[in-house]
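Student: I need the structure of the sequence given here:
(chains A and B)
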Amino acid sequence: MLTRIRYPGYFRYHFEFRSLRVYSSESKPPAPRPDIFWWNDAINSCFRSGQVERACQLFEEMPHKNLVTWNCMISGFVKNYKMSEAHRIFDVMPRKNAVSWSVLLTGYARCGRIEEARHLFNRIPERNVVCWNSMISGYINNGKIGKARELFDEMPVKNSVSWSIMISGYLKNRLVAEARALFDRSYLRSTSVYNALMSGYVELGCFRDAENLFHRMTEKDVITWNTMITCYSRTGRMELAECLFDKMPEKDIISSTAMIYGYLQNGNVEAARKLFKEMPNRDIVTWNTMMGGYVRNGMLEDALRLFSEMPERDVVSWNTILQGYVQQNDMVGAYCWFEKMPQVSETSWNTLISGYRSEEALVLYCRMVKEGFRPDQGTLSVVLSVCGSLVALGWGRMVHLYAIRAGYEHDTLVMSSLICLYSRCGLIHDGVQVFECLLKRDAITWNAMIATYAYHGSAIEALKLFEKMIQGGFNPDHATFLSLLLACAHKGLVDEGCWYFKSMQEDWSLVPKPEHYSCMVDLLGRSGFISQAYEFANKIPVDSQTTAWETLLSACRVHGNLEFGELAAKRVLHAQPPDGGMYTLLSNIYATKGMWENAASIRALMKDCGAKKETGCSWIEVKGEMFSFVSNDKSNHLMEEICQELDNLSIIIEGFS
DNA sequence: ATAGGGTTAG
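Tutor: Below is the predicted model:
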């Protein structure tokens, strides 16, 4: 039950919204003549909503300007990525203070022009703490942690913000030991310094450290509580999140949104919906969270309803719905939606491309470049994974070259996708080479390499690499354990698999997802532990059980287990639409037991409900062109030669075995 | 009251 909730963020937003409405009208400011504060406020509002021209117009019109007015102009231009205008104002302003310098400096740092920022810093006549903090933060955001530390040690007076910046800087670079050491010798420990360390721990997956810190803190503010709630909700531990949520003295919009996110992540749509409805005020992120949850839970209709109800939408809202269409495999719908979007971002393109598992994805990628968008890490990663599922090695290598040229040679996301591509194409060694050459690694790259070994049946290599990952101080996540379980399943390492399944929960506080349970069903089923596998399948939330039952059914087929085979089949065949492959499996189980009548009746049933076994299809890329083949397909004019070559290959392969 | 640095939700 929610009691009083305060939503300061909302009120601020609402106020800004009303201000915008007033200032965006073409009419002159109302009488009596507004004072200088009014003008400055108006200029800020215009800049915040991207109305740069209007802000300049007000600046020209205002009768008297003060130092703050000039600083507002610099800040406004910086916010709108207009550095040359910002610098021009800075040059011509009659008087400057520390604010003027630090605003401009921060602007340059945010554009990646860190040298220019440093040049400005050197010229500041009287530097205060904020100037120093701005420069240090600039270095950190540009990946220069060493420079940041140098300056940090040099600065004559530090405040608690300085410590926060430096500690979270180390954590952004995964340097946990350095962050901890700095925290230990920090003499100014405000709540926000604790918060910086705690949120860094959460970000890196050091949940135990975050928890310990949380319990040690005597003065907690809203951010402290929210950070810990986020930690629990991201890791699916909703009972703990609920406990904190109920206990915290003052909830805000962020607390509720974090809870909603957690509920949705766990598929608990009802709890999320309830909380969402109870919230007296929402800002736009809350709506997007709720919508994203609907989409992830396959409820596009509900997401669309919310989309139409929400008072204001941003590009994330549009992208979320786009993701919904893509997830439902409705690419016609996705494309129509994409065309309707008032504004698209790189993410929109990436989402659309990711939906196409065919050459169309590559065509779209070309169009994206042609329309002036710069492929980012997400794009390259998506395109590489499409190449992977097409086993289009030629295309993949081309994208690899582009990635190097565009400066993504050491990007962990892009390189991980490349490793996966090579893995899909069977070139494990090429993947290893990419992995070895990386300047830095993260959980994603480790996962990619572990998955490679897992998929190729090199279970021992996968498990060894996992050990190295842990020794390197990286925290495994859901994907890591999925690969490990898969590796164990392939090799029939039942004990090891069970051990990892336990460890992921007990040592790493990860709540298994349906796919982990499915993997356990596979692991146990393949090795003939059919009844244990059955128990695992029953632990999966009903909506996500189907795959597990399919897995169990095929295990029953292998081990000729009729009793559980029928049980599993019953569950699978309830699923819509009817799946021909499953009927075939069950019928085969009957057949191997000599129960021909049952087998025949299943075949008849299959015919009745119109289920067909999906036709198998394979394809190959030759010199950039894709050729696909289905059974009994004679359309390729080289079919005779192809069959001849296949015969030759079969002879060679048999010679090996 | 209006301008600058850090930590929390998609």
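
Student: wait, is residue A:628 part of a strand?
Tutor: Yes: secondary structure of residue A:628 (DSSP: H, G, I helix; E, B strand; the rest coil): part of a strand.

Student: quick one: it from DNA strand B, how far?
Tutor: Distance from residue A:628 to DNA strand B, counting by CB to the nearest atom of the strand, to the nearest Å: 36 Å. For glycine as for every other residue, the C-beta is placed from the backbone atoms N, C-alpha and C.

Student: so what's whichever residue of the stretch 451-600 of chain A sits closest to DNA strand B up against?
Tutor: The minimum distance from the stretch 451-600 of chain A to DNA strand B, using CB to the nearest atom of the strand, falls at residue A:477 (14.5 Å). Neighbour list for residue A:477: A:205, A:443, A:447, A:510 [criterion: CB atoms under 8 Å, 6 or more residues apart in numbering].

Student: save those as JSON lines, and put in neighbour count, distance to residue A:253 and pLDDT too.
Tutor: Converted to JSON lines, these look like this (neighbours: other CB atoms under 10 Å; distance: CB to CB, whole Å; pLDDT from 0 to 100):
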{"residue": "A:205", "neighbour count": "20", "distance to residue A:253": "26", "pLDDT": "86"}
{"residue": "A:443", "neighbour count": "19", "distance to residue A:253": "30", "pLDDT": "87"}
{"residue": "A:447", "neighbour count": "26", "distance to residue A:253": "33", "pLDDT": "95"}
{"residue": "A:510", "neighbour count": "22", "distance to residue A:253": "28", "pLDDT": "84"}
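
Student: which pLDDT does the model give the closest residue to residue A:69 other than its chain neighbours?
Tutor: Excluding the flanking residues, the one nearest residue A:69 by CB to CB, 6 or more residues apart in numbering is residue A:40, at 5.5 Å. pLDDT, residue A:40: 95.

Student: now residue A:18
Tutor: 29.

Student: again with residue A:75
Tutor: With respect to pLDDT, residue A:75 scores 97.

Student: isn't it up against residue A:40?
Tutor: No: Residue A:75 is beyond contact range of residue A:40, at 10.8 Å (criterion: CB atoms under 8 Å).

Student: domain ranges for chain A?
Tutor: Split into domains by automatic domain parsing, chain A comes to A:513-614, A:617-657.

Student: tell me the contacts of residue A:67?
Tutor: By CB under 8 Å, 6+ apart, the contact set of residue A:67 is A:93, A:95, A:97, A:100.

Student: drop anything exposed from these.
Tutor: A:93, A:100 (16 or more other CB atoms under 10 Å).

Student: farthest pair within the contacts of residue A:67?
Tutor: Pairwise distances among the contacts of residue A:67 were taken by CB to CB; the largest, 9.9 Å, belongs to A:93 and A:97.

Student: ranking the domains of chain A by burial, who's on top?
Tutor: domain A:513-614 (a mean of 18; mean count of other CB atoms under 10 Å).

Student: close to DNA strand B, is stretch A:56-76?
Tutor: Yes: part of stretch A:56-76 sits near DNA strand B under the criterion CB under 7 Å from any atom of the strand, namely A:66, A:67, A:68, A:69, A:71, A:72, A:75.

Student: now flag whichever of the contacts of residue A:477 is closest to DNA strand B.
Tutor: residue A:205 (13.0 Å).

Student: quick check, that closest one in contact with residue A:478.
Tutor: No: assessed by CB under 8 Å, residue A:205 is found out of contact with residue A:478, at 10.9 Å.

Student: name the residues of the stretch 151-300 of chain A found near DNA strand B, please.
Tutor: Within the stretch 151-300 of chain A, the residues that sit near DNA strand B (CB under 7 Å from any atom of the strand) are A:159-162, A:164-165, A:168, A:190-193, A:195-196, A:199, A:203, A:222-223, A:226-227, A:230, A:234, A:252-254, A:257-258, A:261, A:283-286, A:288-289, A:292.

Student: format the domains of chain A as a markdown table; extra columns: mean pLDDT.
Tutor: Below are the domains of chain A laid out as a markdown table (pLDDT from 0 to 100):
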| stretch | mean pLDDT |
| --- | --- |
| domain A:513-614 | 82 |
| domain A:617-657 | 72 |
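
Student: one step back: separation between the residue nearest to residue A:69 and DNA strand B?
Tutor: Computed as CB to the nearest atom of the strand, the residue A:40 to DNA strand B distance reads 3 Å.

Student: which parts of the helix or strand where that residue lies are buried?
Tutor: Assessed by DSSP states H and E, residue A:40 sits inside helix A:36-48. Using 16+ other CB under 10 Å as the test for burial, helix A:36-48 gives A:39, A:40, A:42, A:43, A:44, A:45, A:46, A:47.

Student: swap in stretch A:338-347?
Tutor: Neighbour-count burial for stretch A:338-347, counted by 16+ other CB under 10 Å, picks out A:338, A:344, A:345, A:347.

Student: can I assume the first one is in contact with residue A:344?
Tutor: Yes: with contact defined as CB under 8 Å, residue A:338 reaches residue A:344; the gap is 7.1 Å.

Student: what about the residue in chain A that DNA strand B sits nearest to, neighbour count?
Tutor: Residue nearest to DNA strand B within chain A: residue A:192 (1.9 Å; CB to the nearest atom of the strand). Residues lying near residue A:192 (other CB atoms under 10 Å) number 16.

Student: so what touches stretch A:360-378?
Tutor: Outside stretch A:360-378, the residues that touch it by CB under 8 Å, 6+ apart are A:346-347, A:349-350, A:352-356, A:379, A:382-383, A:386-387, A:392, A:395, A:402, A:406, A:408, A:411, A:413-414.

Student: ok, stretch A:284-296 next?
Tutor: Here stretch A:284-296 makes contact (CB under 8 Å, 6+ apart) with A:253, A:256-257, A:260-261, A:263-265, A:269, A:272-273, A:276, A:279, A:300, A:302-303, A:306-307, A:310, A:312-314, A:316-317, A:320-321, A:323-324, A:327.

Student: pull out the buried residues from these.
Tutor: For the contacts of stretch A:284-296, buried by 16+ other CB under 10 Å: A:253, A:256-257, A:260-261, A:263-265, A:269, A:272-273, A:276, A:279, A:300, A:302-303, A:306-307, A:310, A:313, A:316-317, A:320-321, A:323-324, A:327.

Student: now do the helix or strand hosting residue A:470: distance to the chain's middle.
Tutor: For residue A:470, the enclosing helix or strand under DSSP H and E is helix A:459-471. Put simply, helix A:459-471 sits 24 Å off its chain's centre (CA atoms, centre = their mean, to the nearest Å).

Student: cool, and stretch A:320-334?
Tutor: 17 Å.

Student: ok, now stretch A:567-574?
Tutor: For stretch A:567-574, the separation from the chain centroid amounts to 34 Å (computed by CA atoms, centre = their mean).
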